[in-house]
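A.B. asks: Provided below are the primary sequence and the corresponding predicted coordinates.
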Amino acid sequence: MEASCAQILGLIMLVNTNLAIIISFATPYWRLRPLGFGNDGLWAECAGEECRWVFDDEFYLQKTLPDWFKATQGLMSVGLGLGLIALLVATLSLCCTCHSCNPHHPICGLLLTSCISMAVGIVIFGVKAHDDWGIELEKGLYGSFGWSFWVGIGATAMAFLTACIYCCMGRKRH
């Protein structure tokens, strides 16, 4: 079975979406503290060159984080997991020679669920970081949103666009 142009485009978009999710998820630049006092991510607090990870010292840092921050961690984790599962299914579907099965609908569903999970996590983080920490869109007195936060927004948009591609592919009859 030959892969269609739409399948190749969808797979390339899916790979790029997962790369963006991983970069946003793993880098410690969700919040930039003012005056160069450091930066924070979902999994680390950094001051200068030194970072404290949530997994260090028997999860001491994790225990001190507010519940809304933990919710963001969980929602972004779910989004990443679903994105990776969608990538696995999409890759395996390129090898599928079954004419009666249509793997595009499950991929679309996984990506839409991933998109919703990440969007909710980003909204929670944005609203609560502004309310609790005084974070502003631009460099403010109490800090600003870092590039990892913005990459997360881009990854969410890419997941939605990729889901649309797979949903449209799923509508075709073989």
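C.D. replies: On my side now, so go ahead. What you see is a predicted model; the values in this text were computed from it and never measured.
A.B. asks: ramachandran angles for the spatially most central residue of the chain?
C.D. replies: Nearest to the geometric centre of the chain sits residue 21, at 3.6 Å (C-alpha atoms, centre = their mean). With angles defined as degrees, to the nearest 10, residue 21 sits at phi -60, psi -50.
A.B. asks: try residue 33
C.D. replies: Torsion angles, degrees, to the nearest 10, at residue 33: phi -80, psi 150.
A.B. asks: count of residues packed around it?
C.D. replies: Using other C-beta atoms under 10 Å, residue 33 has 18 neighbouring residues. C-beta: built from backbone N, CA, C; applies to glycine.
A.B. asks: what count of nearby residues applies to the nearest residue to residue 138 once chain neighbours are set aside?
C.D. replies: In space, and not counting its chain neighbours, residue 138 is closest to residue 144: 6.2 Å by C-beta to C-beta, 6 or more residues apart in numbering. Residue 144 has 17 neighbours, counted by other C-beta under 10 Å.
A.B. asks: got a list of what residue 144 touches?
C.D. replies: Taking C-beta atoms under 8 Å, 6 or more residues apart in numbering, we find residue 144 in contact with 31, 32, 135, 136, 137, 138.
A.B. asks: so how far is the least confident helix or strand in the chain by mean pLDDT off the chain centroid?
C.D. replies: One helix or strand of the chain scores below all others by mean pLDDT, DSSP states H and E: helix 60-64, with a mean of 82. On the basis of C-alpha atoms, centre = their mean, to the nearest Å, helix 60-64 sits 22 Å off its chain's mean C-alpha point.
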